[in-house]
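The following block contains a protein sequence and its predicted model.
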Amino acid sequence: MTAVTPITTGRRPPARGSRSRRGRVGWIFVGPFMAVFALVFLAPIVYSLYLSFFRDQLVGGTSFVGLDNFQRAFEDEQFWAAVGRVTLFLAVQVPVMLGLALLVALALDSGRLYGKSFFRIAVFLPYAVPAVVATLMWGFIYGTRFGLVGNINEALGVSLPDPLSPSLVLASIGNIVTWEFIGYNMLIFYSALRVVPKSLYEAAEIDGAGQWRIITAVKIPAIRGALVIATIFSVIGSFQLFNEPSILQSLAPNAITTYFTPNLYTFTLSFSGRQQNYAATVSLVMGVVTMIIAYAVQLRGMRKEA
Amino acid sequence: MSAPSFTAEQTSRRSTHRAPATRRAPRRRHTAGRPRRSMVLTLLMGLTALYALMPLAWLVINATKTQKGLLDSFGLWFSGDFALWDNISQTLTYDDGIFVRWFLNTLLYVVVGAGGATFLAVLGGYGLAKFDFAGKRAVFATVIGAVAVPATALAVPTFLMFSKMGLTNTPWAVIIPSLISPFGLYLMWVFAAEAVPTELLEAARMDGSGELRTFFRVALPLLTPGIVTVLLFTMVQTWNNYFLPLIMIKNPDWYPLTLGLNAWNQQASTAGGQPVFNLVITGSLLTIVPLIIAFLLLQRYWQSGLAAGSVKG
């Protein structure tokens, strides 16, 4: 999975003579995708940039305000609190999830398991579950009233901490997201491992390498591309966190504020607060922050390769 | 797990086997190709599988309970009365059968949205893999850049744009954005580069076959595993979509299942609302069953497609 450099992976150039005709034919195939892409990706970005320079007021209508919205975003404590929250989430949840996914992929790839195909599909199944259903299920399970936590408290006469309390709710969301995406990431790692030439392992064994050494010195470097891609997707996913907190909100209204994550904040701003220009600005700032972090992850991943 | 002993003589003999992992060793010799099975590792994996399957088991078990049974029985075991069939028929008929309507809406979004997304990704991926044209690098750069832009950051401006175009509160508002899958395009690109030999296309051209005809008759059959993979991933995305319909659709008649289920769930916490937890749980089960069946049935295809997508790791 080298999303970063497929263009240099030795694709055969087509015959020289018919280049210009081929060029037009190429666009016939790529054109439809790019046309829709322009409508749903490029146009909204340009439009939100436009919106971010204006302010819409009940009295006085729409007026050009220059960079005022951006200045407001940089000084907005609620926004930065939300960014801090998803950053904390990212720092804990992503390593846990990707680490587990990598362990599962390595275990599947080792050939040492009984019932391998059962495990592969079992761990992957949660990915087929919509975030809404996943959150509803876990929300019920977390529930102290008639969920499993409540059952355990009753049966054992203990009082487990409430997973939906303000201090634990972020961790509880982390568990839901981990549950949803371990299988997806495992599959990316596993399919990358599958195409590593087996001769590499054999050569390492001849050199006297143990299993652990083969994993750290051969397998993990061989799938670095997949690791980088999965990390980037997970970073983007964490910064976009919306579904799980938004659905849990009805169960834990005190723990999950309307500005719990940056996305929840922009959603509140534009649909409850009628501040769509400012919401567009916050979205843009968040998009730029995400791209910078994703780019940094990619650079770091690539540098190690060299 | 000690490293198995190994001699040079055995290596040279083994290297003639093309796929040692699937062959049984003639003598019990455990190597990288045919390692010893481990009970400890299997048990550890069992714990992970338990974690993955426990909530699903919870869902199946609790879909058999009445609303009263939900409240006063242990969560991971059945209550006395088996109400699954009753719950299913209630789910399908509650509120004039709105669940069936949501189900059909979801099908519509998936068939048109995911089907269209797959078609565009296959066309585009093939075009990028097999043709050299002006602007190809720019296409590559913008699409990869777009993957890094959070989809939800686009949601508010897309909503405002669509609202100006009069598309909000119509199925188009959900379908049109679903038509683009940058990941699908990327996967098809890598897949087409590997799976469709350029020589074969040249041969078809020599025979006077037009480019589109060559695509449909020669390339498309070779792309099948990749297409199934992309189709499954776009299907999951559209079937599970929540945020986009949440902002675009106000009219419950156009809700997909995800939005409908959440509306039912919230009914319990709104004033005067009647809690229908048994319907939320049974509806959730009915929502995930089709996707799980699709994944199990098409396992062989999507896994080989995904493996091919990572060849260039």
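Received, thanks.

C-alpha from now on. contacts and neighbour counts both.
Noted.

can you map out the strands along the stretch 1-150 of chain A?
Ranges of strands within the stretch 1-150 of chain A are A:54-57, A:61-64, based on DSSP state E, counting those that start in this stretch.

Is there any residue in the last one that contacts chain B?
No - for strand A:61-64 and chain B, the contact criterion (C-alpha under 8 Å from any C-alpha of the partner chain) is not met; the two come no nearer than 14.8 Å.

and residue A:28, how many residues sit next to it?
Here the count is done by other C-alpha atoms under 10 Å in any protein chain shown, and residue A:28 has 16 residues near it.

Apart from its chain neighbours, what residue comes closest to it?
Leaving out its chain neighbours, the residue that sits closest to residue A:28 by C-alpha to C-alpha, 6 or more residues apart in numbering or on different chains is residue B:127, at 7.9 Å.

do the same with residue B:156
Nearest-residue entry for residue B:156: residue A:280, 6.5 Å, with adjacent residues in sequence omitted and distances by C-alpha to C-alpha, 6+ apart.

Got phi/psi on that neighbour?
Main-chain torsions, residue A:280, degrees, to the nearest 10: phi -60, psi -40.

returning to that earlier point: between the strands of the stretch 1-150 of chain A, which one is closest to residue A:201.
In terms of C-alpha to C-alpha, the element of the strands of the stretch 1-150 of chain A nearest to residue A:201 is strand A:54-57, at 60.2 Å.

any residues touching the closest one, and which ones?
Strand A:54-57 is contacted by residues A:62, A:63, A:64, A:65, A:66, A:69, A:275, A:277, A:278 when judged by C-alpha atoms under 8 Å, 6 or more residues apart in numbering or on different chains.

before we move on, the earlier item: show me what contacts the residue nearest to residue B:156?
Shown in contact with residue A:280 (C-alpha under 8 Å, 6+ apart): A:48, A:49, A:51, A:52, A:266, B:153, B:156, B:157.

Kindly report the same for residue B:113.
Residue B:113 makes contacts with B:174, B:175, B:176, B:178, B:179, B:238, as judged by C-alpha under 8 Å, 6+ apart.

My reading is that it lies in a helix. Confirm?
Yes - counting by DSSP: H, G, I helix; E, B strand; the rest coil, residue B:113 falls inside a helix.

measure it to residue B:259 for me?
To residue B:259, residue B:113 is 17 Å away according to C-alpha to C-alpha, to the nearest Å.

and what of residue A:205?
Taken as C-alpha to C-alpha, the span from residue A:205 to residue B:259 is 54 Å.

just residue A:55 next, same as before
For residue A:55 relative to residue B:259 (C-alpha to C-alpha), the value is 31 Å.

Also residue A:96?
The gap separating residue A:96 from residue B:259 is 30 Å, by C-alpha to C-alpha.

So if I had to pick from those two, which one is more boxed in?
residue B:259 (21 against 16).

Number of residues surrounding residue 52?
Using chain A. Neighbours of residue A:52 under the rule other C-alpha under 10 Å: 24.

The chain in question should be chain B.
By other C-alpha under 10 Å, neighbour count at residue B:52 equals 24.

Correct me if wrong: it contacts residue A:178.
No - between residue B:52 and residue A:178 there is no contact under C-alpha atoms under 8 Å: 9.9 Å.

related to what we said a few turns ago, by pLDDT, rank the contacts of residue A:280 and give me the bottom one.
Minimum pLDDT for the contacts of residue A:280 is recorded at residue B:153 (70).

contacting residues around that residue?
When contacts are counted by C-alpha under 8 Å, 6+ apart, residue B:153 touches A:240, A:263, A:280, A:283, A:284, A:286, A:287.

who wins for neighbours among the residues you listed?
Within those, most neighbours by other C-alpha under 10 Å means residue A:280, with 31 neighbours.

At the geometric centre of chain A, which residue do we find?
By C-alpha atoms, centre = their mean, chain A has its centre lying nearest to residue A:237, at 2.2 Å.

Pull up the gap between that one and chain B, please.
8 Å (C-alpha to the nearest C-alpha, to the nearest Å).
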